[in-house]
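Peer 1: Need the 3D shape of this:
(one chain, ligands or ions: 3)
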Amino acid sequence: MSLVKTIKELKEEIKRMSYGKDISIGFVPTMGYLHEGHISLIKKAKLENDIVVVSVFVNPTQFGPNEDFESYPRDIERDYNLSISGGADIVFNPNVDEMYPDGASTFVNVKGDITNKLCGKSRPTHFEGVTTVVSKLFNIVKPTNAYFGQKDAQQVAVIQKMVRDLFFDINIVSCPIVREEDGLAMSSRNVYLNEEERNQALILSKSLFKARDMFLDGERDANVLRKFIIDNINTKELANIDYVDIVDAKTLENVETINSKAIIALAVKFGKTRLIDNIYLEV
Ligand SMILES: Nc1ncnc2c1ncn2[C@@H]1O[C@H](COP(=O)(O)OP(=O)(O)OP(=O)(O)O)[C@@H](O)[C@H]1O
Ligand SMILES: CC(C)(CO)[C@@H](O)C(=O)[O-]
Ligand code: BAL
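Peer 2: Ligands and ions are numbered 1, 2, ... in the order given. Predicted coordinates:
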C-alpha cells in the first residue's frame, strides 16, 4: 500500500508489485474528496484486477476560468485512507507540475456533438481537459481496466470514443450511480450546498425517478418526459436549470421517441453549486 507523488515512483511501485509477472491493473481516476461513489469503483476494480491504482488529481485544464478549481475540496490524507480501505494498492497524487511539466501545450480533443452538447455547452473547454489528463494518466498507469461512474454519463461516452479512436488497449468499465439514502447522487461538490439548497436539490432524483416510472408505464415521447422534469424542477425557487435532455445512450444524439436505450441527463445549479444527475431508460 503506498501513496506516491511522482510518475517515477508510481512506475517503480507498479513494477515492484507485479514481481515481473504480467498482471492486470485496475485504474480509478478521481479528483479526490472521496465518497461512496468513488469507493464503489475501487471495490469493483479490486474484484476484477490483480492490483488497483487510484489517482487523486484536481485537473486544472478541465475547469473553466470562472469555475471552482481553487476551491475544489481537497483532503489527501482522508482520500488515501478511504482508498486503501476500499481495496486500492497505490494512490497516485501528483501535483500540477508533475502532470503538466511544460504547461498545458498538447491536448487530446474528441470533436463533435458528443463533446459540444450537454455539459460541453456550458463548459466548452471541459472535455478536452478531461480527455487530455485521462490520456496522460492512461499512458502513465497503463491499466488493463479503467473505472468510471455513470453519474458523469457524458464523460464515459467521450472516454469510450477516445479509447476507440486512439486505439488505447484499455477496457472502460462504466459503474452505476451511488446515491444518498434520500436519492441525491453522491458528489464531492455536495459539500458546497447549504441546508436549503441540499433539500431543494432532492427534486433532481425525484423527478428522474418519476419520469422513469412514466416511461415504464409506456410513455415514449421524450418531450413529455422532458417537460415533466423541467416543470418539477422549476417548482424549486433555488434551482437554475442548465439543461434537461433525453439522448441516445451511445451516441448522445437527442431523441424524440424513445425506441432504444436512452439517458435522461440534467445539470442544475443550486446557488453556486452545479449538480449533474441522470437515469438510464431501457426499452
Ligand atoms: N455518485 C457516484 N456514483 C458512482 N460514481 C461516481 C459518483 N460520483 C462520482 N463518481 C465517479 O467517480 C469518478 C471520479 O469523479 P470525481 O472525483 O469528479 O467525483 P465527483 O463526486 O463526481 O465530483 P464532482 O463533484 O466534481 O462532480 C468519476 O468516474 C465519477 O463519475
Ligand atoms: C476523470 C477525471 C478524474 C479526470 O480529471 C475527472 O473528470 C473526474 O473525476 O470525473
Ligand atoms: N466528475 C466531473 C469532474 C468535473 O466536474 O470537473
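Peer 1: can you map out the strands along this structure?
Peer 2: Applying DSSP state E to the chain gives strands spanning 2-4, 25-30, 51-56, 90-92, 145-149, 171-175, 239-248, 262-270, 273-281.
Peer 1: What strands flank the first one, and is each parallel or antiparallel?
Peer 2: Read that as strand 2-4. Using DSSP bridges, strand 2-4 pairs in its sheet with strand 90-92 (parallel).
Peer 1: now what about the partner strand, what contacts it?
Peer 2: 1-5, 10, 13-14, 17, 51-57, 79-80, 83-84, 140-141 (CB atoms under 8 Å, 6 or more residues apart in numbering). Using the backbone N, CA and C atoms, a C-beta is placed for each residue, glycine as well.
Peer 1: Just the mean pLDDT for that strand, thanks.
Peer 2: Throughout strand 90-92, pLDDT has a mean value of 98.
Peer 1: Please apply the same query to stretch 180-196.
Peer 2: Mean pLDDT, stretch 180-196: 98.
Peer 1: Buried by neighbour count: which residues of it qualify?
Peer 2: If you call a residue buried by 16 or more other CB atoms under 10 Å, then stretch 180-196 has these buried ones: 180, 184, 185, 186, 187, 188, 189, 190, 192, 193.
Peer 1: so which of those would you say is closest to ligand 2?
Peer 2: residue 188 (8.2 Å; CB to the nearest ligand atom).
Peer 1: Looks like the closest one contacts residue 36 (just checking).
Peer 2: No. Using CB atoms under 8 Å, residue 188 makes no contact with residue 36, being 11.5 Å away.
Peer 1: quick one: the helices in the protein?
Peer 2: 7-18, 36-48, 76-86, 96-99, 113-116, 119-122, 126-141, 153-165, 195-200, 202-216, 222-233 (DSSP state H).
Peer 1: tell me the contacts of residue 63?
Peer 2: 69, 72, 126, 129.
Peer 1: Next one: it from ligand 1, what distance?
Peer 2: 10 Å (CB to the nearest ligand atom, to the nearest Å).
Peer 1: How about residue 26?
Peer 2: With distances taken as CB to the nearest ligand atom, residue 26 is found 13 Å from ligand 1.
Peer 1: One more: residue 256?
Peer 2: According to CB to the nearest ligand atom, residue 256 stands 28 Å off from ligand 1.
Peer 1: list the contacts for that residue?
Peer 2: 221, 222, 223.
Peer 1: if you set the cut-off to 6 Å instead, what comes out?
Peer 2: residue 222 (CB atoms under 6 Å, 6 or more residues apart in numbering).
Peer 1: Is residue 101 bridged to anything, and to what?
Peer 2: residue 103.
Peer 1: what pLDDT does it get?
Peer 2: For residue 101, the predicted pLDDT is 97.
Peer 1: distance of it from ligand 3?
Peer 2: Distance from residue 101 to ligand 3, by CB to the nearest ligand atom: 22 Å.
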